[in-house]
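S.K.: Dropping the sequence and predicted coords here.
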Amino acid sequence: MTSTSQKQLLAIIEVGGYPDFTPIYEAHGYQVTVLTTMRKVLKYLKKNTPDMVIAEFNFQSDFRDRTSTLESLMSMIERMPNTKVIVFYDKEFQKQLAKLEEHYHFHATLSFPINGRHLEKYLS
């Protein structure tokens, strides 16, 4: 498969603390790009339309007008109807994530610790 026909996956790792799932993504035929700041992600999305985005929901109560950088991401992804988003989150913030789910569609939401086999179900 050439890189132009390969599916594109954007992994956004702002906090991390979990295994590197790149081998799993690649085993499912994705070419992986990893970015660590939302500023870089938004710049990347102006020029690229990934097939899949893996993002973290990191609740930040100190934000005045939103709950996390995930909202900034989703405002751009809304213009990419074929891009699927999988969100990793801490169970303690499930209530805040549920509020976002009222406004945005996520392909899947997975709570920590992330089970690689469970993740694979959503990559096909």
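M.R.: Okay, I see it. Numbers count the residues shown, from 1 in each chain.
S.K.: Can you mark which positions in the top helix by length along the chain are buried?
M.R.: Counting residues, the longest helix in the chain under DSSP state H turns out to be helix 38-47. Of all the residues in helix 38-47, those buried under the rule 16 or more other Cβ atoms under 10 Å are 38, 41, 45. Heads up, the C-betas are built off the backbone N, CA and C, glycines and all.
S.K.: will you turn those into TSV that also has pLDDT and distance to Glu71?
M.R.: Shown next, in TSV, are those (pLDDT from 0 to 100; distance: Cβ to Cβ, whole Å):
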residue	pLDDT	distance to Glu71
Met38	91	10
Val41	97	12
Leu45	97	14
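S.K.: any chance of the residues you listed in CSV, with distance to His107 too?
M.R.: Below are the buried residues of helix 38-47 laid out as CSV (distance: Cβ to Cβ, whole Å):
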residue, distance to His107
Met38, 19
Val41, 17
Leu45, 16
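S.K.: State the mean pLDDT of stretch 57-67.
M.R.: For stretch 57-67, the mean pLDDT works out to 62.
S.K.: how about the helices in the protein?
M.R.: Secondary structure of the chain (DSSP H): helices located at 22-27, 38-47, 70-77, 94-101, 116-120.
S.K.: which secondary structure elements does the longest one contact?
M.R.: For helix 38-47, the elements it packs on are strand 7-12, strand 30-35, helix 70-77, judged by 3 or more Cβ pairs under 8 Å, 6 or more residues apart in numbering; DSSP states H and E.
S.K.: highest average neighbour count across those?
M.R.: strand 7-12 (a mean of 21; mean count of other Cβ atoms under 10 Å).
S.K.: ok, the spatially closest residue to Glu120 that is not a sequence neighbour to Asn58 distance?
M.R.: Excluding its sequence neighbours, the residue lying closest to Glu120 (Cβ to Cβ, 6 or more residues apart in numbering) is Ile24, at 6.0 Å. Counting by Cβ to Cβ, to the nearest Å, the gap from Ile24 to Asn58 is 22 Å.
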